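Q: Give me the fold of what follows.
(one chain, ligands or ions: 1)
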Amino acid sequence: MEQSDLECNNVTDCNFEEEAAGKKVIEFKPPLYRQRYYFVKNLVNQHKPKKVADLGCGDTSLIWLLKFHSCIELLVGVDIDEDKLQWKGSKLSPFMGDFLSPRDLNLTITLYHGSAVEKDSRLVGFDLITCIELIEHLDSGDLARFPKVVFGYLSPAMVVISTPNSEFNPLFPTVTLRDSDHKFEWSRMQFQTWALDVANLYNYSVEFTGVGEPPAGAEEVGYCTQIGIFRKNCTKSTTLCQSEQHGELTYKAVFTAIYPSLQQKRFRQLVLTNEVFREVQSMKRTFVQSLKPQDEGEFGDKSKDTGLSRACFKLLGPVFTEAEKNNIEKSPEPFCVGNKFYVPLERLFAYPKVNRLCDNIEVLKALLAGSVGLNSDGSAVKVDLLDEEESY
Ligand code: SAM
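A: Modelled structure (predicted):
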């Protein structure tokens, strides 16, 4: 379900310069904000974090893109502007497709109204915290508090901070700050000096990169957006610190969505029942078909207490690997008694899609009970050999 159409694997090659009304303007393709989002998405693909928070998440566009990553189980957005959060919240709710095809792992999305420079213990110990175009909105007091909260208190395994590179600004038509709310815009030297100090103080390493390539001939200005990727150096002592940091709940939750997943019994049961039903119907059809050429319409007489020939249930090549095929073929075969068709649970359990939904046959039996007919000792699924319309 990942949004692969939105991926841009080599974003830095996509920018170009364009003539407009005789003036040269820089235009980024994809737009710069998307390049920043793709950058984060690529990091998530690489590192597979489970808990991700986006501080200064704005209209939650990045959160929306990240929700398609199956590795993420907790996705949190924080912004000081409550209106932005509420406006886009509903886009983050599960939709029909999420119920029809539940995720493998749980996903909870929560949006908080709060400030990135206030402590809240619900964000402690995340795998990744992103601050995309946030720090330049902080005044000097808040900027001083920011590392204490994010690195010292929240202490995530990885932090990504992006901010404008002021050296790029002369390439824009106006050379002032890029946004009226920006409190500053830093050169690469200023950002790197700040970032290295923070990294040293809180025991992180930092790597510098960016998005938004300069046009040919102006390479010396660097990326339009500069990015620091901070990785926590030690884990043991910080883990200890984290467990002591609890109880501070300063943020106000304004939106929460819990996605359906196969970790939740009712969804696992639903998906399993559908899968079993599909396989049983397919085996039954194959069986009925196999009887027709010999004695069309009189399968009732043919269906004595009998195992079915292997040829009957030939497994289609591309669907299964050789190992899966062997596994299925050596499991007990479906059989027929009178007008009933039986598929042993052991057979069903050999099918990969069924197998991945339950740990063992007892679990398979328990999950099917109540929604699928079983034989008297509960070892096989039992269905009518003839569906209503087939019996005419
Ligand atoms: N990260 C988003 C993106 O890249 O699309 C939004 C970036 S926008 C330029 C900056 C965001 O930071 C705004 O939504 C603003 O409300 C938020 N912000 C400013 N100060 C903040 C603070 N102290 N805590 C949390 N959010 C803050």
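Q: of all the residues in the protein, which ones are close to the ligand?
A: Applying Cβ under 6 Å from any ligand atom, one finds that the chain approaches the ligand through 33, 36, 55-58, 61, 78-81, 84, 115-117, 132-134, 137-138, 142. All C-beta spots, glycine's among them, are computed from the backbone N, C-alpha and C.
Q: Would you quantify the distance from the closest residue to Leu55 other than its chain neighbours to Ala157?
A: Nearest residue to Leu55, sequence neighbours excluded (Cβ to Cβ, 6 or more residues apart in numbering): Ala116, at 4.1 Å. Distance, Ala116 to Ala157, by Cβ to Cβ, to the nearest Å: 18 Å.
Q: Who has more neighbours out of these two?
A: Neighbour count, other Cβ atoms under 10 Å: between Ala116 and Ala157, Ala116 has more, with 25 against 18.
Q: Please look at the more buried one and Ala53 and confirm they touch.
A: No - Ala116 is not in contact with Ala53 according to Cβ atoms under 8 Å; the separation is 9.6 Å.
Q: so what sits against both of the two?
A: Common neighbours of Ala116 and Ala53 (criterion: Cβ atoms under 8 Å, 6 or more residues apart in numbering): Val78.
Q: Leu272 touches Cys358, doesn't it?
A: Yes - at 6.7 Å, Leu272 counts as touching Cys358 under the criterion of Cβ under 8 Å.
Q: ok, these two, which is more surrounded?
A: Applying other Cβ under 10 Å to Leu272 and Cys358 shows that Leu272 carries more neighbours, namely 23 against 20.
Q: and the more buried one, what does it touch?
A: Per Cβ under 8 Å, 6+ apart, neighbours of Leu272: Val354, Leu357, Cys358, Leu364, Leu367, Leu368.
Q: The fourth one belongs to a strand?
A: Which is Leu364. No - under DSSP: H, G, I helix; E, B strand; the rest coil, Leu364 sits outside any strand and is assigned helix.
Q: and it, what does it touch?
A: Leu272, Leu345, Leu348, Phe349, Val354, Cys358.
Q: again, only this time at 6 Å
A: Leu345, Phe349, Cys358 (Cβ atoms under 6 Å, 6 or more residues apart in numbering).
Q: Using CSV, lay out those residues together with secondary structure.
A: Output for the contacts of Leu364, formatted as CSV (three-state DSSP):
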residue, secondary structure
Leu345, helix
Phe349, helix
Cys358, coil
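Q: Just give me the closest of those to the ligand.
A: Cys358 (41.3 Å; Cβ to the nearest ligand atom).
Q: Per-residue pLDDT of that closest one, please?
A: What the model reports for Cys358 is a pLDDT of 93.
Q: Nearest residue to it in space, please, no chain neighbours.
A: Nearest one to Cys358, counting by Cβ to Cβ, 6+ apart, is Leu364 at 4.4 Å.
Q: mind checking which helix or strand the residue positioned nearest the centre of the chain is in?
A: By Cα atoms, centre = their mean, the chain has its centre lying nearest to His69, at 1.9 Å. Using DSSP states H and E, His69 maps to neither a helix nor a strand.
Q: can you pull the contacts of it?
A: If you count contacts by Cβ under 6 Å, 6+ apart, then His69 has Val44 around it.
Q: Relative to the ligand, how far out is it?
A: His69 sits 17 Å away from the ligand, going by Cβ to the nearest ligand atom, to the nearest Å.
Q: now do Lys148
A: Counting by Cβ to the nearest ligand atom, the gap from Lys148 to the ligand is 13 Å.
Q: what's the distance between that residue and Val206?
A: 17 Å.
Q: what number of residues lie near Phe126?
A: 20.
Q: Kindly report the same for Glu220.
A: Residues lying near Glu220 (other Cβ under 10 Å) number 7.
Q: May I ask you to confirm that it belongs to a strand?
A: No - using three-state DSSP, the assignment for Glu220 is helix, not a strand.
Q: possible to save the contacts of Leu272 as TSV with distance to Asp384?
A: Shown next, in TSV, are the contacts of Leu272 (distance: Cβ to Cβ, whole Å):
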residue	distance to Asp384
Val354	21
Leu357	25
Cys358	25
Leu364	21
Leu367	22
Leu368	17
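Q: between these, which is closest to the ligand?
A: Looking across the contacts of Leu272 and measuring by Cβ to the nearest ligand atom, the closest to the ligand is Leu357, at 37.7 Å.
Q: how near is the nearest residue to that closest one once chain neighbours are set aside to Gly370?
A: In this structure, Leu357 finds its nearest non-sequential neighbour in Leu272, 4.6 Å apart by Cβ to Cβ, 6+ apart. As judged by Cβ to Cβ, Leu272 and Gly370 stand 12 Å apart.
Q: before we move on, what about Ser166?
A: The spacing between Ser166 and Gly370, counted by Cβ to Cβ, is 65 Å.
Q: Who has more neighbours out of the two?
A: Ranked by neighbour count (other Cβ under 10 Å), Ser166 and Gly370 place Ser166 first, with 21 against 9.
Q: Quick one: residues contacting the more buried one.
A: Ser166 neighbours (Cβ under 6 Å, 6+ apart): Glu185, Trp186, Ser187.
Q: Spatially nearest residue to it, not counting backbone neighbours?
A: Nearest to Ser166 is Glu185, by Cβ to Cβ, 6+ apart, at 4.1 Å.
Q: so that neighbour touches Pro164, yeah?
A: Yes - using Cβ atoms under 6 Å, Glu185 is in contact with Pro164, at 4.6 Å.
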